[in-house]
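Q: Give me coordinates for this.
(chains A, B, C, D, E, F, G and H)
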There are 8 protein chains.
Amino acid sequence: MELTVYLAGQIHDDWRNEVKQKAKEKDLPLTFVGPQENHDRSDDIGEDILGKQPGNFYKDDAASSINNFRTQVLMQKSDVVIALFGEKYKQWNTAMDASAAIHLNKPTIIVRPDSLIHPLKELTNKADVTVETIDQAMEVLQYVYE
Amino acid sequence: MELTVYLAGQIHDDWRNEVKQKAKEKDLPLTFVGPQENHDRSDDIGEDILGKQPGNFYKDDAASSINNFRTQVLMQKSDVVIALFGEKYKQWNTAMDASAAIHLNKPTIIVRPDSLIHPLKELTNKADVTVETIDQAMEVLQYVYE
Amino acid sequence: MELTVYLAGQIHDDWRNEVKQKAKEKDLPLTFVGPQENHDRSDDIGEDILGKQPGNFYKDDAASSINNFRTQVLMQKSDVVIALFGEKYKQWNTAMDASAAIHLNKPTIIVRPDSLIHPLKELTNKADVTVETIDQAMEVLQYVYE
Amino acid sequence: MELTVYLAGQIHDDWRNEVKQKAKEKDLPLTFVGPQENHDRSDDIGEDILGKQPGNFYKDDAASSINNFRTQVLMQKSDVVIALFGEKYKQWNTAMDASAAIHLNKPTIIVRPDSLIHPLKELTNKADVTVETIDQAMEVLQYVYE
Amino acid sequence: MELTVYLAGQIHDDWRNEVKQKAKEKDLPLTFVGPQENHDRSDDIGEDILGKQPGNFYKDDAASSINNFRTQVLMQKSDVVIALFGEKYKQWNTAMDASAAIHLNKPTIIVRPDSLIHPLKELTNKADVTVETIDQAMEVLQYVYE
Amino acid sequence: MELTVYLAGQIHDDWRNEVKQKAKEKDLPLTFVGPQENHDRSDDIGEDILGKQPGNFYKDDAASSINNFRTQVLMQKSDVVIALFGEKYKQWNTAMDASAAIHLNKPTIIVRPDSLIHPLKELTNKADVTVETIDQAMEVLQYVYE
Amino acid sequence: MELTVYLAGQIHDDWRNEVKQKAKEKDLPLTFVGPQENHDRSDDIGEDILGKQPGNFYKDDAASSINNFRTQVLMQKSDVVIALFGEKYKQWNTAMDASAAIHLNKPTIIVRPDSLIHPLKELTNKADVTVETIDQAMEVLQYVYE
Amino acid sequence: MELTVYLAGQIHDDWRNEVKQKAKEKDLPLTFVGPQENHDRSDDIGEDILGKQPGNFYKDDAASSINNFRTQVLMQKSDVVIALFGEKYKQWNTAMDASAAIHLNKPTIIVRPDSLIHPLKELTNKADVTVETIDQAMEVLQYVYE
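A: Next comes the predicted model:
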């Protein structure tokens, strides 16, 4: 049984490659999708496609409409969502994506360090599973196939 | 036509009273509901009801289950959701509540200062209306009655 | 049994007053809601609340976000939707509202003149009832109470 | 990841071939579906199958029931909807299809020229992404695969 | 707790008055709604409102669009549906209404005589409760208040 | 694009084979599913699996639970539903299946002879397309592929 | 804000009166509904209404169809569900009702003693809040009004 | 037509192998999924992945969150659910899974011995089909392919 996994969260380091590498090591039949990982491209996509916008709000709104479109297409194709929170990049859109996933009945795993227990308590309580490391998230996925 | 409005967002100052005062001044038939505004009570409600928990994660998880229950009851009773973001308290659970509201088809207004345009761009793009001040949010509600 | 009726369609003449007058004459327990009928106010509401925008697209997008918010609040409160099309004002947003109403399972009546049979054929086929005059629409509502 | 794209909009020129050609050039794994593009066949399909009808309304209603059936089958099979509006053919059924797509949670791109900003403002505000050219729409789809 | 009950089924005798009378005797806080009970009015409502139609199919289609509108409005307002089948009037639209009610998650009671067990077996199996007499249906409603 | 078609309706003659034969002639990529066509097996399936039941009601209820299970499995797998009504076998469960299909948003074609216009008027008004012959139904399906 | 609370669980002692008494003491604006509390009546309701059945399975099936009807009517009217599990009466239908409530998006509180932690672990994990005593459940409801 | 079947129920004997063996004998194109069948692994999975928990409640809650995640992933992929109840292992989570399946519109078969008729009467009344043996359940699945 093949599963598609949406990887929500920050795009500033290569944690998604770590996930993919571990899935490969475990030989799990998973396909991974996620947001645009090139940060500049993600911020500029509105102006890249629609042309120069008249200010920061408009530039950001244009970019986010296309990023949200991408997320919607890919999340609807996914069977599982993993949302990673880190100490450095405290993005609201990861919380938005995790909440959206839960309300779309996508089984959802949150990965967050020990230090973020308190600020993420309502979201982790709503998610299906909360773990602290990528390794643990992969063990949860592996468990589905046992 | 009476409307019930859920006021999502931080509970560290009295912005909800400001909202209620302005609704009164405008003579709008609105009922406001929202999270527990006593911060200590909100953090302690799990242990207040269930007794001492064996650590911070467990204390927070117990509290958030009861806070999420409260939010679910009151948001389901609401016709409109206003979610306020401020520079000081960058709470993920406000993003979670706003995303939940949008996915429950609750008409949603986001209030956020100019300085938060970039980090909130995906969420404000998904919301129905985004404004910068409480006054503007109240004008939007008033407009429904014009 | 009281019913709330959303009146979708152009705001350039006073057809909504005609509807309300006829409901009064027939003594039907109906409450009517609908879009902002002051055309300038409807076009300017974005800038009225959010301030000057940097161009027509941005002005229109700001206004429509608030008009859509209003429509969403009021249509969700409605039991029935009447959408009126006329020869003069061929608005796409009336078609959008009628299609939205049908997909929200709101019983929907379309009013359109004989001359618009062809261009509205797909929409009238999807609606529950299609009539040519306001009088006929009111007779349909009256029939619910017989 | 293969995606199926429903192409809503007028059927008077060959814009759908332009879309398909560009997808091929970009080597995107897209399948395109859409309405009957033979205009006479689309108008006559009711009488072609059901026989002569007693007037224009009945001819149109018979045709539109079969066209709506086709649209429903194909849109439910689609992952994305592109709705094109042009200056020449201001069809209400394109607005109806775009609104239907949005309410069916299909990620939706609207293509409309600069000149239609005002009359389409409510619909473009509700859509996920709005662009001005087919090229831009294809760039949005390409972005999903980056 | 007041409940609204939709009474689906034939309109050729006064079984609905019997239901109402028994609810009154039992002092149950029920409001009853249902289809147009004047048979000629029900058959003619299309032409009564829309004018002479060009044949039986068109007359019937016009009437049924308005009858279906009425049913949709009233069934959505109902908490419970009772569908009565009799030996004499074997109407398909009663089966249609009962099936609709079940799929709209309306708690549904079917009343049918012993002689119709076999032809109604799939529908009674899907309904929540099946009884043979109006008295029994009223006892089921009374039981909700015990 | 392959489509699965559920063929609802009576099982007393071989109309389903006629459908399948015509699909083959037209070279349409359709898969057909439907109810148990062996009439005795359909009536006896409850007792065949669960053993002798204590009377006709119980025998029929046991059979219909298994027939309804079968219908639910196969209809959920289908993209389109065709429901055939004939003069001879006026089955309520065909009306039930057609109404279920419509409420499950399955594009639905009703086939019924001219003589049944009046008794089926509410159901045909609700269905997407109504035709009089199997040939016409197949032309509708063929039209989806044009 | 008045709330209706469905009290799921065993009917062998008067725990529901304890709940109602405590709500009164706390002056909470709650209305309570629940299953038939007369155990014999609940078991016999099928035969009471439908007459003697040909065996235990048929008697039980008749009774449960009417009990399930009652539960469906009242749970749909409820804003909150409390499901109580005790050591003595380990009813599967309480688990069924709690699971149904969760899937109907009813905010759900489970009350179960310490000794049942293990056998109820999957269900309590899915519920919004789990407590050990009726007092604690009432404190959770009281918290909604703070 | 291939179907995926979720096998809910106790994990203390090898009834799932019996099911799979019989499907093989009957040559049915079925894929089976289900819970973790290694009982210790199922109970320990929370601590296996998340580490030592501070007590039984926390150990069980951690395990059940991961078991519920697994169930949600696999049940959403399934076309049919079979839930087996036995005299020895009277698990509430089987009732929870069956109730969840019914509310997710998964066609559901309950297998339970004669001795459990009374305690399971509400659940079996809600399920699509109830049988007493695995052989009978397999006959029901086989019937779908006849």
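
Q: counting contacts, what elements does the helix or strand where A:Thr71 lies pack onto?
A: Using DSSP states H and E, A:Thr71 maps to helix A:56-76. When contacts are defined as 3 or more CB pairs under 8 Å, 6 or more residues apart in numbering or on different chains; DSSP states H and E, helix A:56-76 packs onto strand A:3-9, helix A:39-50, helix A:92-103, helix B:121-126, strand D:129-131, helix D:134-145. Any C-beta I mention is one placed from the backbone N, CA and C, and that applies to glycine too.

Q: Name the next helix or strand following it along the chain.
A: As assigned by DSSP H and E, the chain's next helix or strand after helix A:56-76 is strand A:80-84.

Q: Of the helices and strands packed on helix A:56-76, which is nearest E:Gly86?
A: helix A:92-103 (45.5 Å; CB to CB).

Q: residues in contact with the closest one?
A: Residues from elsewhere that reach helix A:92-103, judged by CB atoms under 8 Å, 6 or more residues apart in numbering or on different chains: A:6, A:8-10, A:71, A:75, A:81, A:83-85, A:108, A:110, A:120, A:123, A:126-128, B:85, B:90, B:92-93, B:95-100, B:102-104, B:119-123, B:126.

Q: buried subset of the residues you listed?
A: Using 16 or more other CB atoms under 10 Å in any protein chain shown as the burial test, those include A:6, A:8-10, A:71, A:75, A:81, A:83-85, A:108, A:110, A:120, A:123, A:126-128, B:85, B:90, B:92-93, B:95-100, B:102-103, B:119-123, B:126 as buried.

Q: residues in contact with A:Ser78?
A: Applying CB under 8 Å, 6+ apart to A:Ser78 gives the contacts A:4-6, A:33, A:106.

Q: same deal with A:Glu87?
A: Applying CB under 8 Å, 6+ apart, we find A:Glu87 in contact with A:113, A:115-116.

Q: Can you verify it is assigned to a helix?
A: No - counting by DSSP: H, G, I helix; E, B strand; the rest coil, A:Glu87 is not part of a helix but coil.

Q: Tell me how far it lies from C:Arg70.
A: Using CB to CB, to the nearest Å, A:Glu87 is found at 41 Å from C:Arg70.

Q: give the contact list for the nearest residue to A:Leu3 once chain neighbours are set aside.
A: Nearest residue to A:Leu3 in three dimensions, chain neighbours excluded: A:Asp79, at 4.4 Å (CB to CB, 6 or more residues apart in numbering or on different chains). A:Asp79 sits next to A:3-5, A:106-107, H:73, H:76-77 when contact means CB under 8 Å, 6+ apart.

Q: out of those, which is most surrounded?
A: The most neighbours of any of the contacts of A:Asp79, using other CB atoms under 10 Å in any protein chain shown, belong to A:Pro107, which has 28 neighbours.

Q: Show residues contacting stretch A:21-29.
A: For stretch A:21-29, contacts defined as CB under 8 Å, 6+ apart pick out A:1-3, A:30, A:32, A:134-135, A:138, A:141-142, A:145.

Q: do that again at 6 Å, thanks
A: For stretch A:21-29, the surrounding residues in contact (CB atoms under 6 Å, 6 or more residues apart in numbering or on different chains) are A:2, A:30, A:138, A:142.

Q: What is the nearest of those to chain G?
A: Checking those against chain G by CB to the nearest CB gives A:Gln142 as the nearest, at 20.0 Å.

Q: Next one: A:Ala95 from A:Thr124, what distance?
A: The gap separating A:Ala95 from A:Thr124 is 11 Å, by CB to CB.

Q: One more: A:Asp61?
A: Remark: distance between A:Asp61 and A:Thr124 (CB to CB) = 30 Å.

Q: Looking at these two, which has the bigger crowd around it?
A: A:Thr124 (23 against 20).

Q: pretty sure that one is touching A:Glu132, no?
A: No - applying CB atoms under 6 Å as the test, A:Thr124 and A:Glu132 come out as separate, 10.7 Å apart.

Q: touching chain H at all, stretch A:110-118?
A: No - using CB under 6 Å from any CB of the partner chain, stretch A:110-118 never reaches chain H; the gap is at least 10.9 Å.

Q: Buried residues, that stretch. List them.
A: Here stretch A:110-118 shows A:110-112, A:116-117 as buried, counting by 16+ other CB under 10 Å.

Q: CSV for these, including distance to chain C and secondary structure?
A: Formatted as CSV, the buried residues of stretch A:110-118 follow (distance: CB to the nearest CB, whole Å; DSSP: H, G, I helix; E, B strand; the rest coil):
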residue, distance to chain C, secondary structure
A:Ile110, 30, strand
A:Val111, 34, strand
A:Arg112, 33, coil
A:Leu116, 33, helix
A:Ile117, 36, coil
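
Q: Now for those residues: which two are most distant?
A: Spatially, the most separated pair among the buried residues of stretch A:110-118 is A:Val111 and A:Ile117, at 12.7 Å (CB to CB).
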